[in-house]
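> Have a look; sequence and predicted model below, questions after that.
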Amino acid sequence: LDSLAGESAHRHPELLPGGRRVLYTAFHRATNRSLIIAESFDTDERRVLTEGTNPRYSPTGHLLFVRDRSLYAAPLVAETLELSGPEEEIASNVWVHANTDAAHDALGAAQRLTYVRTDAGADEGATIVLFDREGREETILPERRPYRLPRISPDGRRITFEIDGQIYTYDFDRPGGLTPLTLDQSVLNLFPFWSRDGSRIAYGSTRGSSASVRNVWWQRVDGVGEAERLSTSVFTQSPWGWTADGRELLIQEGAQLSGRFDIGVVSMQDGQRRLLVDSEFNEQNPALSPDGSLLAYQSNRAGRWDVYVQDFPEPRRGRVLVSTNPSGGSAPIWSRDGRELFFRGAAPTVTSTAQANATVLMVTTLESAPSLRFGTPRILVANPEYFAGASPGYDVGPDGRFVTTKQPPIPANLNELVLVQNWTEALIAR
C-alpha cells in the first residue's frame, strides 16, 4: 500500500500475460475514490491507468473496467503498462456492490462478455434499524448509506457508527441529523466503541501510522479537547470494550494484510499491551461480560467460525465452545445483564438469492456456576436483510432492543445476465 498516496486497500488483482505484471484497484477510503494500477513485479514500476474498479485484461489487448456503474474498454499495451487509445463505454447499469466496489462481469473466449445488469442502481448501502426479540422493527436512519458497526451508548440514548471511514453519532432525543465525531478525511477512523460512562468514543485510526496500520485513539463526544492516543503498535489494533474497573482496554490486534488477529488488553495508564488469546488461529470480535469475569470471542480453530467463552483475565476453567449449533457462530455480544450471549449464525435454509449469505441472531443462556456451561443455542431473530457490512454489525441496548444495519432487498431483476458476443465490434463501429 502507498500510504503517502492515501491508499487504504488493494482489490481485484488481474495478472497480465506472462505473469510478471498485474492490474489491481487501489481504494482510497478517505476520498472514496478508486484507481486502476498497473505494476511490474520485476521493476516495481507502478502506473495509474485510470479511475475505476475491477480491471480485466482481454486477449484483444484491451483493459476493461467499471466506473459509475458503466463498463469501459481502452487499448492497453501490456509490455509497457500504457493505455494507447481512448476509453469507450460498452455497457451501462452494471451491478456494483457498495462496500467492495465489486462488479459482476466476466470475460470469456471468442470475444464473449457477460455482466449482471440492474435498473435499480448500484448497491446504495444500508439503513439503521432497531428490532426486538419478536422481530418488531423501527427504522432509525432511513437514508441508505454505507453504515458500519453500530454501537449503542451505555445509557441507550445514542448510537455511534462508521460512514466511509469516519465516525458519527446519532442522538435518539434529537432525531434528524448525524453528528460527525472525526473530521480529518485524510486518515481512516474505524471500529467505534463507547467508553463505560458514555462520555468518549474509542476507535481505530491510521492517524500517526501508515495507511495499513490502525492504533487506538479516543475523544470526547461533546467535542471538547483533542483526540488522544491510547496505543502505539506496528500492528493494527481496534477497541472492543473495557475491563470492569476501566483500567484496561480490550483490543483486537493483528497484521491487517495477513488477516489473522489475536485478542489482548492495553493498560489505560501506561499503554502496555498483553495478549489474552494468542495462537496460530484467527481470534476476533472479543466481548467482555458486563461484570468483566468472562471473555467471549470467535475463532476458526476448528476449521470454521465458532464462538468460545473463557474466564477473564485467566482461563482457569478452560475454553468452552458455545456455538454448538450446526452452522457455528461469530460476533458474540453479551446482554446488558450478562445472563445471555448473542451471536450470529448461518441461516438454516436458503430459499432465494437474497438469503445466500444470510445470517441469523442466535441466543444462549449462561447456566449456573461453578461449571462454565451454556444452554443449547436457538434462533432469536431471522431476517436476511440484517447485519450488513463489517462484523459484528449489531449491538444490544439496555432496553433489550438491538441495533443493526439493514441491507435493502436485492433487486428483483438482479438475475438479468447479459451476454455480449463480439463486443469489440461495438468499439470499431464507434
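All right, it came through fine.

> for residue 189, what are its contacts?
162, 165-167, 181-182, 203-207, 217 (Cβ atoms under 8 Å, 6 or more residues apart in numbering). Yep, even glycine has a C-beta here, placed from its N, CA and C like the rest.

> Of those residues, grab the buried ones for ChimeraX.
In ChimeraX, this line selects whichever of the contacts of residue 189 come out buried by 16 or more other Cβ atoms under 10 Å:
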select :162,165,166,167,181,182,203,204,205,206,207,217
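
> Among the contacts of residue 189, show me the least confident.
Here the lowest pLDDT out of these sits on residue 165, with 85.

> Test my guess that that residue contacts residue 192.
No: contact criterion Cβ atoms under 8 Å: residue 165 and residue 192 do not qualify, at 11.6 Å.

> coming back round to it: what is the nearest of the contacts of residue 189 to residue 141?
Closest to residue 141 out of the contacts of residue 189 is residue 162 (12.8 Å), distances taken as Cβ to Cβ.

> Kindly list the main-chain dihedrals of that closest one?
Recorded main-chain torsions at residue 162 are phi -100, psi 150, according to degrees, to the nearest 10.

> Next one: the residue nearest to residue 40 when sequence neighbours are not counted relative to residue 127, how far apart?
Among residues not flanking residue 40 along the chain, residue 21 sits closest, at 5.2 Å (Cβ to Cβ, 6 or more residues apart in numbering). According to Cβ to Cβ, to the nearest Å, residue 21 and residue 127 sit 42 Å apart.

> got a pLDDT number for the residue nearest to residue 62 when sequence neighbours are not counted?
Among residues not flanking residue 62 along the chain, residue 73 sits closest, at 4.6 Å (Cβ to Cβ, 6+ apart). For residue 73, the model assigns a pLDDT of 90.

> now residue 65
Model confidence at residue 65 (pLDDT) stands at 91.

> quick revisit: would JSON lines of the contacts of residue 189 with secondary structure be doable?
Converted to JSON lines, these look like this (DSSP: H, G, I helix; E, B strand; the rest coil):
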{"residue": "162", "secondary structure": "strand"}
{"residue": "165", "secondary structure": "coil"}
{"residue": "166", "secondary structure": "strand"}
{"residue": "167", "secondary structure": "strand"}
{"residue": "181", "secondary structure": "coil"}
{"residue": "182", "secondary structure": "coil"}
{"residue": "203", "secondary structure": "strand"}
{"residue": "204", "secondary structure": "strand"}
{"residue": "205", "secondary structure": "strand"}
{"residue": "206", "secondary structure": "coil"}
{"residue": "207", "secondary structure": "coil"}
{"residue": "217", "secondary structure": "strand"}
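
> with the contacts of residue 189 in mind, which one is nearest to residue 244?
residue 203 (21.5 Å).

> Report the beta-bridge partner residues of the closest one.
residue 217 (DSSP bridges).

> Same check on residue 242?
residue 249.

> Test my guess that it contacts residue 196.
Yes: here residue 242 reaches residue 196: they are 5.3 Å apart, a contact under Cβ under 8 Å.

> What about residue 227, how many residues nearby?
Number of residues near residue 227 (other Cβ atoms under 10 Å) recorded here: 20.

> which non-adjacent residue is nearest residue 419?
Here the residue nearest residue 419, using Cβ to Cβ, 6+ apart, is residue 114, at 5.3 Å.
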